[in-house]
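Engineer: build me a structure from this.
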Amino acid sequence: MSITRITFIAVATSFTAVSSLQSLIIPVLSTIGADIGADAVGQTWMLTAWLISAAVATPLLGRAGDLVGRRRMYLVALGAVALGSVLAAFAPNLTVMLIARVLQGLGGAVFPLGFGLVRDAFPAARIAGAIGALSAIMAVGGGLGTVIAGPVASAIGWRGLFALPFALAATGLVVGSLSLDRSPARATGRINVLAAVLLSSWLVALLLPLSAGNQWGWGSPIVIGLFAASVVLATAWIIVEVRSRAPLVDMRMMRLPAVWTTNVTALLTGAAMFGVWGYLPRLAETPVGSGYGLGIDASTAGLMMLPMLVVMASVGFVAGPLSRVVPFAAQLTTGAFVSGASSLSIALFHGEVWQLAVAAAALGLGTGLVVSSTPNLIVRSVPADQVGIATGMNANIRTIGGAIGTTVFAAAIGASLGATGLPAESGYVAAFVLGAVLAVVGGIVPFLGRRRGPSPVSAQTGRVVPVVASPVEEVEEVAEAA
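Structural biologist: Predicted coordinates:
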């Protein structure tokens, strides 16, 4: 078997394992909480622990992979996922579960490391197709948790949910350790410790209140203080990176039009995507007595979301070949607009299961286009010594977007709670309209990126980095050539 095929199999299984862990426990949080003695705050921490761990590990281990070898860091991250899945399956209490979720979150680094391994192993002509397919697999894994959680938990219990990520992580670990080439360290230098501490600190300060704000109160001193601290720490981090001779993240690279516009679009579409994933099943499961809910069970809600996974996977595998006709930049913008239309459709038409299933399929189309195009735009826009950190930051930004989207949806829906304890229909309508707005704005952002000024110089290599046209300019150039 060729090294390219082995690399793809190893990375694909690891992507599925890690991405499924973000949404796998959401539909059964209350069941897990009742079993291990976790109240509503403890259940929130089960999500927050993974989120913070992934946000910190993704850029740091991604950068470490650029320096000491991606294969080594890839195996470390996958080993943490496998161990965390075993601990979660047998967790007797909340403390052990939180430790397990932190270990699982370290697997977030698999995404930038996997993209780097693909770039190392694949010939140039096949990189775009491979990255598009892997991006779709990453998105499908995230949706997979929402689809299978209810049926699997009903059949064998919630502890059985962690068998899937464990099996996939173990497979990726074995294949990777036995067959992957030892990728050379492309970058020189070291990890800037101060920059790493500041990056970790502002991510934690931002994600904590986003995840726990509903429990702590959005106007509480701790929430306001953490948001303020995140701004101060992020500012300090940027200053340190700009002045450093060995930055963790090359800020000149982050200013490239194709990079910053893609990252902002990832933030906004990630917010819409995770918001819809989290609250579309809840809308459908709302009791019929509410006057708007469909009253379906978790298993039926999972089946309702199945078209989303099928379409998303299909789009990812054709995104690479399609880019010869429709550039990735155009796919990115189209995907954002389609995702926005899907969220708006849910807000307006949610009286039948088939309407929600069609909207879910449309969301799969939009999400598939977005997640397949973003890493391709990043990988082709940065020097080889920055692939790990650049794709890691992009994955991180989408994760932050997911936290923001979940928070926005929860706030809009929670604000409409009635005497019965159920949200009013207007709360769901407002949430999905907001999701549509986020996605559409994400589609507009690439039009703001224009090529200006001289080419920046990579702080890692001292070489000039060619300025890549913004997504809009790429589309215009293709049209002119045609």
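Engineer: where does the stretch 351-482 of the chain dip in pLDDT?
Structural biologist: Scanning the stretch 351-482 of the chain for pLDDT under 70 picks out 384-389, 392, 449-482.
Engineer: try it again with 50
Structural biologist: For the stretch 351-482 of the chain, the stretches flagged by pLDDT under 50 are 451-482.
Engineer: count the residues that sit near residue 279.
Structural biologist: By other C-beta atoms under 10 Å, 23 other residues sit near residue 279. For every residue, glycine as well, the C-beta is placed using N, CA and C.
Engineer: please apply the same query to residue 390.
Structural biologist: Residue 390: 31 neighbours (other C-beta under 10 Å).
Engineer: okay but it is in contact with residue 382, surely?
Structural biologist: Yes: between residue 390 and residue 382 a contact is recorded at 4.5 Å, counting by C-beta atoms under 8 Å.
Engineer: can you check which residues contact both of the two?
Structural biologist: Taking C-beta atoms under 8 Å, 6 or more residues apart in numbering as the criterion, residue 390 and residue 382 both touch 253, 259.
Engineer: what helix or strand is residue 18 on?
Structural biologist: Residue 18 belongs to helix 3-23 when assigned by DSSP states H and E.
Engineer: quick one: mean pLDDT over that helix.
Structural biologist: Helix 3-23 carries an average pLDDT of 85.
Engineer: that helix packs against which elements?
Structural biologist: helix 40-68, helix 70-89, helix 94-105, helix 110-121, helix 124-156, helix 163-179 (3 or more C-beta pairs under 8 Å, 6 or more residues apart in numbering; DSSP states H and E).
Engineer: what angle do the fourth one and helix 40-68 make?
Structural biologist: If you take axes from the mean of the first three to the mean of the last three C-alpha atoms, to 10 degrees, helix 110-121 sits at 20 degrees to helix 40-68.
Engineer: avg pLDDT for helix 110-121?
Structural biologist: 82.
Engineer: then the longest one?
Structural biologist: On average, the pLDDT along helix 124-156 is 78.
Engineer: check the third one too.
Structural biologist: Confidence for helix 94-105, expressed as mean pLDDT, is 94.
Engineer: okay, angle between it and helix 3-23 too, please.
Structural biologist: Between helix 94-105 and helix 3-23, the angle comes out at 150 degrees (the same axes, to 10 degrees).
Engineer: contacts for helix 94-105?
Structural biologist: Contacting residues not belonging to helix 94-105 are listed as 18, 21, 32, 36-38, 42, 45-46, 49-55, 57, 80-81, 83-85, 87-88, 90-91, 165 [C-beta under 8 Å, 6+ apart].
Engineer: again, only this time at 6 Å
Structural biologist: Here helix 94-105 makes contact (C-beta atoms under 6 Å, 6 or more residues apart in numbering) with 21, 36, 38, 42, 46, 49-50, 53-54, 80-81, 83-84, 87-88, 91.
Engineer: buried subset of these as a PyMOL selection?
Structural biologist: Filtering those down to the buried ones (16 or more other C-beta atoms under 10 Å) takes a single PyMOL command:
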select buried, resi 21+36+38+42+46+49+50+53+54+80+81+83+84+87+88+91
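Engineer: ok, the contacts of helix 94-105 vs residue 128, which is closest?
Structural biologist: Nearest to residue 128 among the contacts of helix 94-105: residue 54, at 25.7 Å, using C-beta to C-beta.
Engineer: so what's the closest one closest to, chain neighbours aside?
Structural biologist: Excluding its sequence neighbours, the residue lying closest to residue 54 (C-beta to C-beta, 6 or more residues apart in numbering) is residue 108, at 3.1 Å.
Engineer: and if you look at residue 42?
Structural biologist: For residue 42, ignoring the flanking residues on the chain, the nearest one in space by C-beta to C-beta, 6+ apart is residue 94 at 4.9 Å.
Engineer: list the buried residues in stretch 318-338.
Structural biologist: 319-320, 322-323, 327-338.
Engineer: below-threshold pLDDT in the stretch 151-300 of the chain: ranges please.
Structural biologist: 185.
Engineer: what residues does stretch 71-91 touch?
Structural biologist: So stretch 71-91 is contacted by 14, 17, 61, 64-65, 97, 100, 103-104, 106-107, 109-110, 113, 159, 162, 165-166, 169-170, 172-173, 176-177, 180, 182-183 (C-beta under 6 Å, 6+ apart).
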